[in-house]
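>>> what shape does this take:
(2 chains)
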Amino acid sequence: MGTAEVEAVWRIESARIVAALTRFTGDFGLAEDAAQEAVADALVAWPLASPANPAGWLMATARRRAIDAIRRRAALRDRYALLAADTAVDSTFDEDVDPDPIVDDVLALMFVSCHPVLSPEARVALTLRVVAGLSSEEIARAFLVPVPTVQARITRAKKTIAAAGVPFELPPVGERRERLGGVLSVIYVIFTEGSTATSGDRLLRPDVAYEAIRLARTLAALQPDEPEVHGLLALCELTASRFPARTSPDGAPILLADQDRRRWDFSAIRRGLAALARASTRGLGPYGLQAAIAAVHASAPSVEATDWDRIVVLYEALDRIAPSPVVELNRAVAVAMASGPAQALAIVDALIASNRLPGSHLVPTVRGELLARLGRRAEARAELELAARLCANQRERSVLLRKAASLGVPND
Amino acid sequence: MLIMRGTDESNAAMMADIDEMIARSRQFIEDLFKAGVYVAAEGLDDPGKGVVVDFSGEAPVVTDGPYGETKELFGGFFLLDVASKQEAVEWAKRVPAPRGAKVEVRRVPEGDEVPQVDK
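This next block holds a predicted model:
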């Protein structure tokens, strides 16, 4: 067995092993360290002799590593006394250790990894590492940051969790809905990094988006009665269904209006619509509403034949329960399609006047488009050039500059 | 896709303890579901109850009964969405399969694959 096989087993087992070890030792940081050591051991041992039960081998090795670490820790002497009895049983190599697949343990792990005491970056890194089973190298590649940065974030996160005394359990009922919102937002941040890379030379990073969808599916399996979990999954599936049509062969972004809809992934659309139906049982939340908007696009044969009035209504609903300047800007785009650019421009100008989205390239992008449709070419060009200056994604920037150039020379 | 290929030996073993096999299959699907990799799964009925539609001639010819030899017939499938071929193989090793069965691992082609510029 080589590295690829070790990584594959780890992907499947990481969450259950870290969760079971955290339960066993009461120490999340120690559990994560022990699990990583077990993976390192496997990378050495498996090419020499393949274990009959790789999952059991990882679990047993991680458990022994955890016990070794506890033995070394004078501060944990009390707990050591408790475990010493256990090690007698464990001293013979035990391949049959039950990975203890208690569902709530994996769920508890998600809540710990997304705990509000952690910085947003740390939540993302920790979730990808312990729940999704990615290596620091893979996380660094996904977020275009140096490997030591990811390692430092994870180390700091484990210390923060220990210092704050974060318990390994499901949040109390009164806090659970809010904390679940925190988990959902971590998954959504991972997804959006894959679906609109905030930096770098590629628009899409489908592997990163895939990790988010996988996490959302796991969460949907563990929390089937939470509509917003299904709403988030639906939003991710429906957004990802457009990936095959979103970039040209040379990697340039293709806008919704110009996409070849035959290239959309219809299996993903079906899965997204099914998740949306499950989300709709008790009224849609912010993710469910965004998914419903994506579903209108997914069901439309063309831009012209899209039910823009319904999209405007959905954005208005979204603006009521989760107001944000980005929602307002998207509503303006929908209004432009439903009722024309002049009305939409009024919404954008109000947004600018309230200065709720300073420094974003999205505002001048939309404003430039609207001005172009109104025939105010010089103003449109200036807005698109401003948008290009503010945009960090190289692919999007070149599209903006091309569009600006197509409007002719300034003051013509 | 993990394709179950049954042999006479494995079919007999499966029927000998069908309740156990159903329970293990349910557990396996539950594991796939909670790992976030499940897409679909179905087990197929007795191949003898099937029908083969043959397009060799001018018009399709319909024949009752199993397809070809009754060896290693397609008996069911698990459709997964995983990160790598190795991961699919690791899941295939965990399929609740009776002795003598085979699991064929095939990839759904990504005709919809996103063009990657820097490859």
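
>>> which strands and helices sit next to the longest strand anywhere in chain B?
The single longest strand within chain B, with elements called by DSSP state E, is strand B:73-80. Counting contacts by 3 or more CB pairs under 8 Å, 6 or more residues apart in numbering or on different chains; DSSP states H and E, strand B:73-80 is packed against strand B:2-6, helix B:18-34, strand B:38-43, helix B:85-93. For every residue, glycine as well, the C-beta is placed using N, CA and C.

>>> show me where pLDDT drops low in chain B?
By pLDDT under 70, the low-scoring segments of chain B are B:70, B:111-119.

>>> what does the stretch 251-400 of chain A give?
Low-confidence segments of the stretch 251-400 of chain A, defined by pLDDT under 70, are absent.

>>> how about the helices of it, start to end?
Read by DSSP state H, counting those that start in this stretch, the stretch 251-400 of chain A holds these helices, from start to end of the chain: A:266-279, A:286-298, A:308-321, A:325-339, A:341-354, A:362-373, A:377-390, A:394-406.

>>> wait, isn't residue B:42 in contact with residue B:74?
No: under the criterion of CB atoms under 8 Å, residue B:42 is not in contact with residue B:74, lying 10.7 Å apart.

>>> which of the two has more neighbours?
Neighbours per residue (other CB atoms under 10 Å in any protein chain shown) separate residue B:42 from residue B:74, with residue B:74 holding more: 14 against 9.

>>> and residue 8, how many residues sit next to it?
In the absence of a named chain, chain A is used. Residue A:8 has 24 nearby residues by other CB under 10 Å.

>>> to clarify, I was referring to chain B.
With other CB under 10 Å as criterion, residue B:8 counts 11.

>>> surely it and residue B:73 touch.
No: between residue B:8 and residue B:73 no contact is recorded; they are 10.2 Å apart, counting by CB under 8 Å.

>>> now do the SS call for residue B:63.
Recorded secondary structure, residue B:63: strand (DSSP: H, G, I helix; E, B strand; the rest coil).

>>> residue B:54 is in contact with that one, correct?
Yes: with contact defined as CB under 8 Å, residue B:63 and residue B:54 form a contacting pair (6.6 Å).

>>> residues contacting residue 13?
Chain wasn't specified; assuming chain A. If you count contacts by CB atoms under 8 Å, 6 or more residues apart in numbering or on different chains, residue A:13 has them with A:55, A:58-59, A:99, A:133.

>>> nope, chain B please
With CB under 8 Å, 6+ apart as the criterion, the residues that contact residue B:13 are B:98-100.

>>> highest neighbour count among the residues you listed?
residue B:98 (21 neighbours).

>>> helix or strand: which one has the closest residue to it other than its chain neighbours?
Once its chain neighbours are removed from consideration, residue B:98 has its nearest residue in residue B:13; the separation is 3.7 Å (CB to CB, 6 or more residues apart in numbering or on different chains). Taking DSSP states H and E as the definition, residue B:13 sits inside helix B:8-16.

>>> which parts of that helix are buried?
Applying a neighbour-count criterion of 16 or more other CB atoms under 10 Å in any protein chain shown, one finds B:10-11, B:13-14 buried in helix B:8-16.

>>> count of neighbours near the residue in chain A that chain B sits nearest to?
Relative to chain B, the nearest point of chain A is residue A:251 (3.1 Å; CB to the nearest CB). A total of 18 residues lie near residue A:251 under the criterion other CB under 10 Å.
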